[in-house]
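**Q** Quick one, what's the 3D model for this:
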Amino acid sequence: MTALLEVEGVGVRFGGIQALDDVSFALAEGELLGLIGPNGAGKTTMLRAITGVIRPNPGRIRLAGADITDFSTDRRARTGLALTHQIVKPLRAMTARDNVALAAGHAKTTNVLAALFAIDRTKELARADELLRLVGIENHADAMPSTLPLGALKRLEVARALALDPKVLLLDEPLAGLNHVEAARLADTIVDLNRAGMSIVLIEHNLGEVMRICPRLMVLDNGRRIAMGAAKTVMEDPFVRAAYLGREAGDAAA
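**A** Here you go, the predicted structure:
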């Protein structure tokens, strides 16, 4: 498969802390890639480097063959990157439908008031309804975010990201805080999106669901890539087991 997202030799340093150290990987078009690792491994930092919140030094990032390393965050979004956050932050004064419609109108305006009142939003509202159905919360379209349970808010966050029409969807711990049933259902939705053609990088600590839905995994530990490959093979790697269990690789392999 053709590489859609390419990350080459990315390093990120915060003062005396090397958050990422020479990390490279590629996401194939149509792939669902799991990005895992213990707390503090550098996973969220990697997504922030990809989206331009943090500038890598050194390193290059390419999307669909174009070097986007020097692009601003908003230009990267327009080029085809969308990120969901661990802590969902919808616009609380808008309904779920309006939250998604506003994102769907990103190409028309960057002015919130203009987007709400000065422009015909028929297409954006229709797109919002379509995406809310896609993620399974169409019955919450008219609800305010403050009234929604966490599971619905997580799905709303995904719908808002999809409204940007991304080439690559970056999901930062979408299952965090969900119970077993909700997590499995949202994981199934992620699989459905991928099967429909969406290319996805998934950060997640729920290893059971990651193993169930991700054919390929990349593992970070202390800012370095320590493994990459088929999910079952990666999770049997003694260095990966050591990273999660806190033991030496030789002990983990025993």
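**Q** what stretches of the protein score poorly on pLDDT?
**A** Scanning the chain with the threshold set as pLDDT under 70 gives 1, 107-120, 246-254.
**Q** show me where it has strands.
**A** Counting by DSSP state E, one finds strands in the chain at the ranges 3-14, 17-28, 32-36, 60-63, 66-67, 81-84, 168-172, 199-203, 216-221, 224-230.
**Q** Show me this structure divided up by domain.
**A** With domains defined by automatic domain parsing, the chain comprises 1-80+166-254, 87-165.
**Q** mind putting the ones you listed in a markdown table, mean neighbour count included?
**A** C-beta coordinates here come from the backbone N, C-alpha and C atoms, glycine included. Output for the domains of the chain, formatted as a markdown table (neighbours: other CB atoms under 10 Å):
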| stretch | mean neighbour count |
| --- | --- |
| domain 1-80+166-254 | 18 |
| domain 87-165 | 18 |
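**Q** Looking at the strands of the chain, spot the one closest to residue 186.
**A** Evaluated over the strands of the chain, closeness to residue 186 peaks at strand 168-172, with 9.7 Å, by CB to CB.
**Q** helices and strands around the closest one, which ones?
**A** Judged by 3 or more CB pairs under 8 Å, 6 or more residues apart in numbering; DSSP states H and E, strand 168-172 is in contact with helix 43-51, strand 81-84, helix 150-162, strand 199-203.
**Q** how far is it from where the chain is centred?
**A** 2 Å (CA atoms, centre = their mean, to the nearest Å).
**Q** and that strand, which strands flank it?
**A** strand 81-84 (parallel), strand 199-203 (parallel) (DSSP bridges).
**Q** Dump the ones you listed to JSON lines, plus distance to residue 228.
**A** Below are the strands paired with strand 168-172 laid out as JSON lines (distance: least, CB to CB, whole Å):
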{"stretch": "strand 81-84", "distance to residue 228": "21"}
{"stretch": "strand 199-203", "distance to residue 228": "13"}
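**Q** Can you check which of these gets nearest to residue 17?
**A** It is, among these and with distance given as CB to CB, strand 199-203, at 19.3 Å.
**Q** Out of the strands paired with strand 168-172, flag the one nearest residue 215.
**A** Here strand 199-203 is closest among those (CB to CB), at 11.4 Å.
**Q** Report the inter-axis angle for that closest one versus strand 216-221.
**A** 40 degrees (axes from the mean of the first three to the mean of the last three CA atoms, to 10 degrees).
**Q** So what touches strand 199-203?
**A** 4-5, 27-36, 43-44, 47, 50, 167-174, 190, 193-194, 210, 213-214 (CB atoms under 8 Å, 6 or more residues apart in numbering).
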